[in-house]
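Engineer: Give me coordinates for this.
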Amino acid sequence: MVKPATILIVEDEKTLNDAYTTILTKENYTVLSAHDGEEALTILKKSTPDVILLDLRMPNVDGIEFLKRYKVLSLSRKPHIIVFSNLDMQKEIDQAYELGANKYILKAWASPKELVRLVADAVAAK
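Structural biologist: The predicted model follows:
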């Protein structure tokens, strides 16, 4: 039996975090959840997901700071990172890519079906 891919959702808005978790769990992914970058970094000390779905605007450690800290971690393998944000500012987009993001998607443009497709594409690319 093939082990399902693991997705780490890093989203501070509880409603969105719960919705993404529900959608991806129904697609048979193992889902880990963090509500800020600090919590996500703690999770990465114990588990290496296949894909990280990352918001940028969060309390404590935001998405950009998470990417800076993530970049220096010694992980056995690097997850595919999809930044899933409402920020449509070229500076943040460029910075996210420079720090290791593989994809940058605006939340407002992605339906649940699109989210599932993006995650499936990321898992397939691993």
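
Engineer: Point to the residue nearest the middle of this structure.
Structural biologist: Centroid check for the chain by Cα atoms, centre = their mean gives L53 as the closest residue, at 1.6 Å.

Engineer: Look at that residue and tell me its secondary structure.
Structural biologist: Three-state assignment for L53 (DSSP: H, G, I helix; E, B strand; the rest coil): strand.

Engineer: Touching, it and I7? I think so.
Structural biologist: Yes - using Cβ atoms under 8 Å, L53 is in contact with I7, at 6.3 Å. Where C-beta positions appear, they are placed from N, C-alpha and C, glycine not excepted.

Engineer: Can you work out which residues contact both of those two?
Structural biologist: V119 (Cβ atoms under 8 Å, 6 or more residues apart in numbering).

Engineer: roughly how far out does the helix or strand containing L16 sit from the chain middle?
Structural biologist: For L16, the enclosing helix or strand under DSSP states H and E is helix 14-26. Mean-position distance between helix 14-26 and its chain equals 12 Å (Cα atoms, centre = their mean, to the nearest Å).
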